[in-house]
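Q: please find the sequence and the predicted model below.
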2 protein chains.
Amino acid sequence: MSERTIRIGMLGCGTVGSAVVRMLAEHGDDIAVRTEVRLAVTRVAVRDVARERDVPLPRDAFTTDAASIVADPDVDLVLELLGGLDPAKDLILASFASGKPVVTANKEVLSIAGKELFDAADAVSRDIRFEAAVAGGIPLISPLKESLAGERVRRMLGIVNGTTNYVLTQMSEHGWTFEDALTEAQQLGFAEADPTADIDGFDAAAKCAILASIAFNTRVVASDVYREGIARITPQDIADAARLGYVVKLLAIAELEDGEVSARVHPAMIPDAHPLASVRDANNAVFIEGAKVGQLMFYGPGAGGDATATSVVGDLVHVARNLAFGGRAIGCTCVLDRPIRPMDATTGQYYLNLHVEDRPGVLAEIAEAFAHNGVSIERVWQEGFAEEATLVFITHRAQEGAFQKTVAELRDRSSVRAVASLLRVEGEE
Amino acid sequence: MSERTIRIGMLGCGTVGSAVVRMLAEHGDDIAVRTEVRLAVTRVAVRDVARERDVPLPRDAFTTDAASIVADPDVDLVLELLGGLDPAKDLILASFASGKPVVTANKEVLSIAGKELFDAADAVSRDIRFEAAVAGGIPLISPLKESLAGERVRRMLGIVNGTTNYVLTQMSEHGWTFEDALTEAQQLGFAEADPTADIDGFDAAAKCAILASIAFNTRVVASDVYREGIARITPQDIADAARLGYVVKLLAIAELEDGEVSARVHPAMIPDAHPLASVRDANNAVFIEGAKVGQLMFYGPGAGGDATATSVVGDLVHVARNLAFGGRAIGCTCVLDRPIRPMDATTGQYYLNLHVEDRPGVLAEIAEAFAHNGVSIERVWQEGFAEEATLVFITHRAQEGAFQKTVAELRDRSSVRAVASLLRVEGEE
């Protein structure tokens, strides 16, 4: 085969888009000789054409009219890097309508309107690929969808948000408060001025929906994902976890339980020896358990222009080769319709730290509250102070609803002065 | 598209082959609905047709005549699981000659005769895929070759042999000798009765050659790979490493230095905080540094029938889809002809433990030997005993040849009683 040139229309030219253009300029010859396709970004849609950009493209490659790029017969492939639902969704649909495959890094549109996009792609037999939408530079979607095409995934635990992992790492290593760690992350550019999407778990929930959809062959959307952020995590939580041999991480979790999908994002304690425990700073990692393969982990940078561009370019090569030489990527694999398990019905382990009155009978009273809700205790210990004691529990696997009911009952007891800390525990054998 | 059946002729039916057949029986419907191909193993070549096998195939699927499978017009795809150079190489070549693509898990044939195989595949435009040849169940070849198609890899550090990692883990965690740990590994089935291929690094060297070839786009064969095994590692080495914050691992290393490829397998000390340091027991992991993406790591089971079968089935799906719907996997990417850097010319850091006479002037004498060979010392400390002292050095990055010359000179000095330990140091920033 001889080299074929594929003309790319790029929508958006921010950090990732600029990095893609620079990478193609620097590595384009390498790519052509390895893969037999030459990737040429020929048109770029931006909001402001006049703005100076550090990209090796002529000024007349830029336009404010994204729709004209999607419709352009001289564009072979659309690269969507706008982010958000609108106008990205309509532009992707218009790309398929005009017969063009799409590469996107847009987790929002995929986690909200994924079905509509995949159906449209399938209807015209065109590829849609999105490696960069989850875990930035880490090859993850392609291994999951293709390399593991024959596997049955049981569970995924992911650190998929770099900002929160950076904040938790700083809290853990320096004993900082959440607020101080967040301020530092903002100063260093690891967190946005408005950090809500990261801190409250919205970003991770979108990625969790995408991963769960692929892992379990059923459509999971962002609003299906139970979500708790990290703003309530205290230095005391982290210190307590460390004392017990755990670290606190914000996890995106997707599990298959009795044919139902549990998808959730929340902070959790994981054992020091778990492969995810050593993922520091803004790095991401996704841990996968399969029926046959056992445990896999994929680790690397979750964000950054150059790293994310690497994933985008891998997708561009794949789609471009299919255009040039025939073939099609595996399409939508959401062929089943599995129920989403409500959070109350999921099972997990829990860590609970109670401040209680230090008098005879209190432990028995509290233990009875666990018992009549069917929550079994794995470990308990008491640390007495003057007049007040701290009781620490780690439960066996229990139903979330039963555990929350137990905690609600404990809060009402006069012997319980405070629920000092409550964290889920994940990643135990 | 509607489901297409692809008929697979399997050569060999050992642990991996049986696991593939069972996996297709169990997950075949899932695979068909996700990927639109049905994978049917229709013929199997074995040495002994009469032997009982735990595979759901009719007796008449088996034959001793591998060549007849390769030539069979009713076979669409050849799965080669024989291992070794002969007759695997000729059978793979015959498959291409009869127009059939090949999936193989055979690291030996790829690391010795890779060029011949890829040239033959390219000549007839047929796929050859080999995910299972390196790091068993870990998706690695496909991410490296496809997801990172646009990247420039600078360095790879891999734990790619489960047996040696198991032995080193046991030595490290229990203080055992190499011999005791190996015996236990043999009893538990983690090491062969003849463990030479693993212990002496031959297995890792074959995998290193394959990874280096893909990473640096140049053909590296097994005999290009410098190789040292783990038989000389002592409990003292491991204890010394631990005291300094390192663990000892057998690493497969592929580096690009000034356009030259260094490919080598040897034990090395890596820092506790390095992502590879926590890879325990028979697990594998490969750490990749790229120009744009930064640091990635892929972790999982390096062996085992079911885990390896997962990789094989991923390849089968890919090749079967190309047969069914058109398209071709990226072919041979060894488009350059880079020189192999001789081991003496590579650079690295070194740990050296010397027993020396405890008298004035010895340190100066020894330091002078480093100095006149151009080896710069990063850290040194002395521990005195009665009449004998231990001197421990960690060097800055230095040329291997210069360091070895230094050590040879030190051995000749009367003040040096023994070179107690010498280990390379990898994975420092």
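A: Thanks, I have it. Numbers count the residues shown, from 1 in each chain, chains lettered A, B, ... in the order given.
Q: send the alpha carbons of stretch A:29-41 over as PDB?
A: What follows is stretch A:29-41, C-alpha atoms only, in PDB (Å, rounded to 0.1, in the frame of the first residue of the first chain):
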ATOM      1  CA  ASP A  29       6.400  11.800   8.700                       C
ATOM      2  CA  ASP A  30       6.900   9.100  11.300                       C
ATOM      3  CA  ILE A  31       3.200   8.400  11.300                       C
ATOM      4  CA  ALA A  32       3.000   8.200   7.500                       C
ATOM      5  CA  VAL A  33       5.800   5.700   7.200                       C
ATOM      6  CA  ARG A  34       4.500   3.500  10.100                       C
ATOM      7  CA  THR A  35       0.800   3.600   9.200                       C
ATOM      8  CA  GLU A  36       0.600   4.500   5.600                       C
ATOM      9  CA  VAL A  37      -1.700   7.500   6.200                       C
ATOM     10  CA  ARG A  38      -0.700  11.100   6.300                       C
ATOM     11  CA  LEU A  39      -2.900  13.200   8.600                       C
ATOM     12  CA  ALA A  40      -3.500  16.700   7.400                       C
ATOM     13  CA  VAL A  41      -5.500  19.200   9.400                       C
END
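Q: who's in contact with it?
A: For stretch A:29-41, contacts defined as CB atoms under 8 Å, 6 or more residues apart in numbering or on different chains pick out A:1-10, A:20-21, A:24, A:28, A:57, A:61, A:79, A:313, A:316-317, A:320-321, A:324-325, B:149-150, B:152, B:217, B:330, B:333, B:335. C-beta: built from backbone N, CA, C; applies to glycine.
Q: separate out the buried members of these.
A: Buried residues within the contacts of stretch A:29-41, counting neighbours by 16 or more other CB atoms under 10 Å in any protein chain shown: A:4, A:6-10, A:20-21, A:24, A:28, A:57, A:61, A:79, A:313, A:316-317, A:320-321, A:324-325, B:149-150, B:152, B:217, B:330, B:333.
Q: sort out for me which of these are in strands.
A: Under the assignment DSSP state E, those contribute A:4, A:6-10, A:79 to strands.
Q: now do the phi/psi pair for residue A:252.
A: phi -100, psi 120 (degrees, to the nearest 10).
Q: residues near it, how many?
A: 31 (other CB atoms under 10 Å in any protein chain shown).
Q: tell me the contacts of it?
A: A:156-161, A:204-205, A:207-208, A:211, A:225, A:264-265.
Q: how far away is residue A:304 from residue B:148?
A: 15 Å (CB to CB, to the nearest Å).
Q: so the two - more neighbours on which side?
A: Neighbours per residue, other CB under 10 Å: of residue A:304 and residue B:148, the larger number sits with residue B:148, 25 against 19.
Q: any weak-confidence spans in the stretch 301-429 of chain A?
A: A:386 (pLDDT under 70).
Q: what does it put close to chain B?
A: Proximity of the stretch 301-429 of chain A to chain B, by CB under 8 Å from any CB of the partner chain, involves residues A:301, A:304, A:306-307, A:309-311, A:313-314, A:316-318, A:321-322, A:325-328, A:330, A:333, A:335.
Q: let's see it at 10 Å
A: A:301, A:304-318, A:320-322, A:324-336 (CB under 10 Å from any CB of the partner chain).
Q: so which residue of chain A lies furthest out from the middle?
A: residue A:360 (46.8 Å; CA atoms, centre = their mean).
Q: that residue belongs to a helix?
A: No. Residue A:360 is assigned coil when assessed by DSSP: H, G, I helix; E, B strand; the rest coil, not a helix.
Q: now it: how far from residue A:317?
A: Taken as CB to CB, the span from residue A:360 to residue A:317 is 71 Å.
Q: please apply the same query to residue A:336.
A: 30 Å.
Q: tell me where the model's unsure across the stretch 1-150 of chain A.
A: Low-confidence segments of the stretch 1-150 of chain A (pLDDT under 70): A:1.
Q: now the helices for it?
A: Taking DSSP state H, counting those that start in this stretch as the test, the helices found in the stretch 1-150 of chain A are A:15-35, A:66-71, A:88-97, A:107-123, A:141-142.
Q: distance to residue A:428 added to these, as a markdown table?
A: Written out in a markdown table, the entries for the helices of the stretch 1-150 of chain A read as follows (distance: least, CB to CB, whole Å):
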| stretch | distance to residue A:428 |
| --- | --- |
| helix A:15-35 | 37 |
| helix A:66-71 | 49 |
| helix A:88-97 | 40 |
| helix A:107-123 | 29 |
| helix A:141-142 | 28 |
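Q: residues in the stretch 151-300 of chain A within reach of chain B, list them.
A: Residues of the stretch 151-300 of chain A lying near chain B (CB under 10 Å from any CB): A:151-152, A:214, A:217, A:272-275, A:277-280, A:283, A:285, A:287-288, A:290-300.
Q: may I ask which two of the contacts of residue A:252 are separated the most?
A: A:159 and A:225 (15.5 Å; CB to CB).
Q: would you point out which residue of chain A is nearest chain B?
A: residue A:327 (1.4 Å; CB to the nearest CB).
Q: distance of that residue from residue B:33?
A: 20 Å.
Q: one more: residue A:370?
A: 44 Å.
Q: next one: residue A:2
A: Taking CB to CB, one finds residue A:2 at 37 Å from residue B:33.
Q: residue A:422 too?
A: Distance of residue A:422 to residue B:33, given as CB to CB: 41 Å.
Q: list the buried ones in stretch A:272-279?
A: A:274-279.
Q: how is chain A divided into domains?
A: The domain map for chain A lists A:4-136+A:305-325, A:141-301, A:346-425, with the assignment taken from automatic domain parsing.
Q: distance between the longest one and the chain's centre?
A: This means domain A:141-301. Its chain's average C-alpha position is 7 Å from that of domain A:141-301, according to CA atoms, centre = their mean, to the nearest Å.
Q: endpoints of that domain, how far apart?
A: End-to-end distance of domain A:141-301: 15 Å, with CA to CA, to the nearest Å as the criterion.
Q: neighbour count for residue A:327 and residue B:33, which is higher?
A: Legend: neighbour count by other CB under 10 Å for residue A:327 and residue B:33, higher for residue A:327 (19 against 14).
Q: quick check on the more buried one: phi, psi?
A: Dihedral angles (degrees, to the nearest 10) for residue A:327: phi 100, psi 160.
Q: distance of it relative to residue B:287?
A: Taking CB to CB, one finds residue A:327 at 31 Å from residue B:287.
Q: which residues does residue A:277 contact?
A: A:159, A:245-249, A:269-271, A:285, A:427, B:278 (CB atoms under 10 Å, 6 or more residues apart in numbering or on different chains).
Q: just send the domains of chain A back as TSV, with distance to residue B:133 too.
A: Converted to TSV, these look like this (distance: least, CB to CB, whole Å):
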stretch	distance to residue B:133
domain A:4-136+A:305-325	19
domain A:141-301	14
domain A:346-425	38
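Q: can you check which of those gets nearest to residue B:88?
A: Using CB to CB, those put domain A:141-301 closest to residue B:88, at 22.9 Å.
Q: fine by me, thanks again.
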